[in-house]
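Colleague: Build me a model:
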Amino acid sequence: MHKTALAADIGRDAFCIIAVVLHTEDAARYRGPVKFFNSQLQETLGFAKWDSFNRAREKAIESGWLQYEATTTRGAGLYFVTVPGGYGEIDDTPIEQSSTPESGYNAGYNAGYNAGYNAGYNDGYNAGIMGGNYTNPNPNPNPNPKDKPVSSKQAFSYSDDFQSFWDAYPPIRRTQKKKAFGLFQKALKHVPAETVIASAREYAQSDVGSSEFAVGATVFLGNHMWEDDRQAWSRGKSALTTGGSAERPKLMPDPERLMLEDLFTRASRTSIPKAIEMMTSGRANGESLRSRINAGLAAIKKMDRATAIELVPAFGKYLEKEMAK
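Modeller: Numbering: from 1, shown residues only. Purely as a prediction, here's the structure:
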């Protein structure tokens, strides 16, 4: 790797990943691929951002020196180093410490570079990239030789923390995963991952989160909904039958209250017209839903404020924010 000037070709970051994998394989006596979690390599190699680590790994894979196989979404990936066709002919004896720069380093570097470039580029590129077989110096590095090397696109994977959040979120609103991943990474600048994951789990189990009015994961993350009052998510029948309120008149059906909860939750962040547009845009029953919303707003206006807030607590939160403006 040194004599082929690999670091100059693919960059120090990608070279460092290959070197760590190779060193670990050597320590394990090449009994098979070595395992690393994404976060493990990213942190120990000093990558501040996931994108930087992923780009460096893709360069290493594209160079033909690194093979990577993703396992499960949360499992450790399998890594092993290969030598692309043509490079195996380079003399791998170490440069003697007693050699002078002129007689040792330069001679070894020039000989290795020329041999590696000519053989590696002409033979290795055509054989390795255009369909030939790699030369693998490791005994049985891949326990399942039928598996094809994973491409750089397939090598992309989400962090373990984000996958935990995604699994906890309401299934019917798990959309725009890649965008949600970016928002999740931004959220971690403000709060620990455990806080966001726990709040997603609470939301999924709440009355609003388990209903058709649950918001998408990107909305949840973009609006910092882990900061919401949990009462705004729980508007089920139990809320009407506790604390001796069972005798109170039921002024509107449960679905309408849930709908208004969603409306005022959104409106507290934007406005009522924008909230209505968000809820009805692109829906097959958009006009019908709009009529129900307007009827609900009309019903709220006819109630005294205390009753309206008791039925739809998010209405109270909305009023507080409007008064604070």
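Colleague: neighbouring contacts of the helix or strand harbouring L260?
Modeller: Assigned by DSSP states H and E, L260 falls within helix 254-267. In this structure, residues lying in contact with helix 254-267 by C-beta atoms under 8 Å, 6 or more residues apart in numbering are 207-208, 211, 213, 215, 228, 232, 235-237, 272, 274-276, 278-279, 289, 292-293, 295-297, 299-300, 311-315, 317-318. Backbone N, C-alpha and C define where each C-beta goes, glycine included.
Colleague: Narrow those residues to those that are buried.
Modeller: Buried by 16 or more other C-beta atoms under 10 Å: 207-208, 211, 213, 215, 228, 232, 235-236, 272, 275-276, 278-279, 289, 292-293, 296, 299-300, 311-315, 317-318, out of those.
Colleague: Could you tell me which of the residues you listed are located in helices?
Modeller: Per DSSP state H, helices hold the following members of the buried ones among the contacts of helix 254-267: 272, 275-276, 278-279, 289, 292-293, 296, 299-300, 311, 313-315, 317-318.
Colleague: Can you give me the distance of the nearest residue to P84 once chain neighbours are set aside to F184?
Modeller: Leaving out its chain neighbours, the residue that sits closest to P84 by C-beta to C-beta, 6 or more residues apart in numbering is G64, at 3.8 Å. Distance, G64 to F184, using C-beta to C-beta, to the nearest Å: 33 Å.
Colleague: who's more crowded, the two?
Modeller: F184 (24 against 20; other C-beta atoms under 10 Å).
Colleague: contacting residues for the more buried one?
Modeller: F184 sits in contact with D161, F162, F165, V196, L221, where contact means C-beta under 8 Å, 6+ apart.
Colleague: Could you rerun that using 6 Å?
Modeller: Each residue near F184 by C-beta atoms under 6 Å, 6 or more residues apart in numbering is listed here: F162, L221.
Colleague: Go ahead and list the helix or strand containing it.
Modeller: Per DSSP H and E: helix 177-187 holds F184.
Colleague: now that helix, how far from the centre of its chain.
Modeller: Helix 177-187 sits 6 Å away from the centroid of its parent chain (C-alpha atoms, centre = their mean, to the nearest Å).
Colleague: and what of stretch 310-319?
Modeller: On C-alpha atoms, centre = their mean, the centre of stretch 310-319 falls 34 Å from that of its chain.
Colleague: The helix or strand encompassing T218 - what's its average pLDDT?
Modeller: For T218, the host element (DSSP H and E) is helix 217-222. Averaged over helix 217-222, pLDDT sits at 90.
Colleague: Could you do stretch 180-200 as well?
Modeller: So the average pLDDT for stretch 180-200 ends up being 93.
Colleague: Thank you kindly, that will do.
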